[in-house]
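*Asks:* predicted structure and sequence below. I'll ask about it afterward.
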Amino acid sequence: MAEQADTTRRDPQGLLPGDAIVAIDGVPVQGKIASWLPYYGASNEDAARRDIALALTRGPSGPVRIKRDRGGTLEEVTLQRVAVSP
């Protein structure tokens, strides 16, 4: 069973459409993408980035620290990662 951050609620303290995730548990997202991109055999770079984005949000259930960019303002929030069906 895959697990990822619960973003289904439109909680202003969580994530909203348009928010950019800058770091997950203190690890910069751009660095992860750059290091993983060569290993994703997708049909094109956009598809590879989509697959990487999905992989980045998965992990064990429980709290996860997210640094988000909301309209140019960087904030760190703690969300709950929940189990989801594949």
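*Replies:* All right, it came through fine.

*Asks:* beyond the lowest-mean-pLDDT helix or strand in the chain, next helix or strand please.
*Replies:* For the chain, counting by mean pLDDT, DSSP states H and E, strand 2-5 ranks last in confidence among helices and strands (a mean of 46). Per DSSP states H and E, the first helix or strand lying C-terminal to strand 2-5 is strand 20-24.

*Asks:* tell me what the helix or strand following that following strand is packed against?
*Replies:* Towards the C-terminus, the helix or strand next in line after strand 20-24, according to DSSP H and E, is strand 27-28. With contacts defined as 3 or more C-beta pairs under 8 Å, 6 or more residues apart in numbering; DSSP states H and E, strand 27-28 has no helix or strand neighbours. (Glycine included, C-beta is placed from N, CA and C.)

*Asks:* show residues contacting strand 27-28.
*Replies:* Val22 (C-beta atoms under 8 Å, 6 or more residues apart in numbering).

*Asks:* okay, now the sheet partners of that strand, with direction.
*Replies:* In the sheet containing strand 27-28, the strands it pairs with under DSSP bridges are strand 20-24 (antiparallel).

*Asks:* any idea which residue of the chain is furthest from its center?
*Replies:* When distances to the mean C-alpha position of the chain are computed (C-alpha atoms, centre = their mean), the maximum falls on Ser43, with 21.6 Å.
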